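Trainee: coords please:
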Amino acid sequence: MIMPIERIADWEQRLARQDAFWECEIIDRPPVTMTLWEPNPDYPQPAAKTWASHRERWMDTEYVAESALFGTMNTAYLGDALPSACPNLGPEILSAFFGCELEFSEGTSWSIPNLRDWSQADQIQFSDQGIYWKKLLEMTDALLEIGNGKFYTGLTDLHPGGDLIASFRDPLQFNFDMIDNYDQVKAMMPRLAVDYFHVYDFYYHKLAAAGQAITCWAGVISSKKWYVPSNDFSCMISKAMFDDLFLPGIAEECRHMEANIYHLDGPDALRHLDSLLSIPELNAIQWVYGAGNGRVTDWLPVHQQCQAAGKGVQLWIELDELETVMDALHPEGVWLTVYGVQDRAMADAVLKKVAQWR
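Mentor: Residues are numbered from 1 along each chain as shown. Alright, predicted model coming up:
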């Protein structure tokens, strides 16, 4: 049984619309998420603190949990939006479970490469005894406790496959590996996949046992076992190399889940779109074109290509793009976040318009 959100009466219907998205189906309309900042005096901002370092702030579990409660309880979730919060130690946390150290800045973290030579590849081993695994587990438990009935606790940001090995090696060095150590990279992939599935399943089962709908940084909130396959490194390599080295692992990730949305990052990764669309178990594409590369409506042919292949699309659009998107795409398999909504009346108008989308 999924835990209800106490202040949202129609939470089951919101989940149902997002579940239908995976099958390119609609119940009454596509899922639409919008939020408004609405201060709630019952949930004040956590008391100001000072930390000796960025690392200390990131690792402050109590502050992370209290900030999540403040953020979610001071936000109005409109349309199909539902409150959620995810434990987060940065996008390369998975590498830390294999011995990488993390460096923290104000806004992100990154791993320090730990595979200096391929002769040491067998020494790169997963462990659930390190400080970062224990901290992520602690944060997840804290969010589950403080968010009970108030928000859904999600999965952290995990990047397996090619991005994981790139974090072991450093992305620049990994480019050379594509020429000099191709066979070693290919041999390492299956072993890392086993460990990734263990990590994902551990946290999936933990959240499911607590009655959580499944979510992560990508924003979809669903009753299904789902995640976000990705390979940001793929923008550096050819289609042929991607298809041989990384596509089989991405397809295996898709088969491991009930639903998937691929994070396709940057114009240089578009060369791989046809390959990704060929994966039967892949449900949807999240096309991230990057800052300075226009808006959603500048890339409608990409989204049309995805729909023509029977895949869904996740779109973050500005309010003035809505009609153009509705004219260019069909509603089945579209998941929308709409920005620029100023009040509830505007949100209601958006929902009324989207309900007429045929």
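Trainee: can we go C-alpha only for contacts and neighbour counts from here?
Mentor: Noted.
Trainee: neighbours around Q307, how many?
Mentor: 22 (other CA atoms under 10 Å).
Trainee: oh sorry, the question was meant for G219
Mentor: G219 has 17 neighbouring residues, counting by other CA under 10 Å.
Trainee: In a strand, it, correct?
Mentor: No: G219 is assigned coil when assessed by DSSP: H, G, I helix; E, B strand; the rest coil, not a strand.
Trainee: Count the residues that sit near A291.
Mentor: 8.
Trainee: what's the helix or strand for it?
Mentor: For A291, there is no enclosing helix or strand under DSSP states H and E.
Trainee: State the distance from it to G266.
Mentor: Here A291 is placed at a distance of 9 Å from G266 (CA to CA, to the nearest Å).
Trainee: what's the answer for D244, then?
Mentor: Distance from D244 to G266, by CA to CA: 21 Å.
Trainee: Neighbour count: these two, which is higher?
Mentor: Comparing D244 with G266 by other CA under 10 Å, the one with more neighbours is G266, at 16 against 11.
Trainee: D157 versus that one, what's the distance?
Mentor: Taken as CA to CA, the span from G266 to D157 is 18 Å.
Trainee: A309 too?
Mentor: To D157, A309 is 27 Å away according to CA to CA.
Trainee: What are the boundaries of the strands in the stretch 201-350 of the chain?
Mentor: In the stretch 201-350 of the chain, the strands defined using DSSP state E, counting those that start in this stretch lie at 226-227, 259-265, 284-288, 312-318, 334-339.
Trainee: Please identify which of the ones you listed is closest to G79.
Mentor: Closest to G79 of these, according to CA to CA: strand 334-339, at 9.5 Å.
Trainee: Indicate each strand paired with that closest one and its parallel or antiparallel sense.
Mentor: Using DSSP bridges, the strands paired with strand 334-339 are strand 32-37 (parallel), strand 312-318 (parallel).
Trainee: Out of the ones you listed, flag the one nearest T61.
Mentor: strand 32-37 (24.1 Å).
Trainee: and the closest one, how far from the chain's centre?
Mentor: Using CA atoms, centre = their mean, to the nearest Å, the distance from the centre of strand 32-37 to the centre of the chain it belongs to is 18 Å.
Trainee: what residues does that strand touch?
Mentor: With contacts defined as CA atoms under 8 Å, 6 or more residues apart in numbering, strand 32-37 is touched by 74-81, 335-339, 341-343, 347, 351.
Trainee: Per-residue pLDDT of the residue nearest to the spatial centre of the chain, please?
Mentor: Residue closest to the mean C-alpha point of the chain, counted by CA atoms, centre = their mean, is A218 at 3.3 Å. At A218, the model reports a pLDDT of 97.
Trainee: ok, it to Q356 distance?
Mentor: From A218 to Q356 the distance is 26 Å (CA to CA).
Trainee: before we move on, the earlier item: just the buried subset of the contacts of strand 32-37, written out for ChimeraX, thanks.
Mentor: In ChimeraX syntax, the buried subset of the contacts of strand 32-37 is picked out as below (16 or more other CA atoms under 10 Å):
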select :74,75,76,77,78,79,80,81,335,336,337,338,339,341,347,351
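Trainee: A251 - nearest residue in space that isn't next to it in sequence?
Mentor: Among residues not flanking A251 along the chain, I279 sits closest, at 6.2 Å (CA to CA, 6 or more residues apart in numbering).
Trainee: How about the contacts made by P87?
Mentor: Contacts of P87 (CA under 8 Å, 6+ apart): L136, M139, T140, L143, T153, G154, L155, T156.
Trainee: which of these tops the neighbour count?
Mentor: T153 (29 neighbours).
Trainee: Show the pLDDT at S278.
Mentor: On the pLDDT scale, S278 gets 98.
Trainee: K49: which element?
Mentor: Applying DSSP H and E, one finds K49 in no helix or strand.
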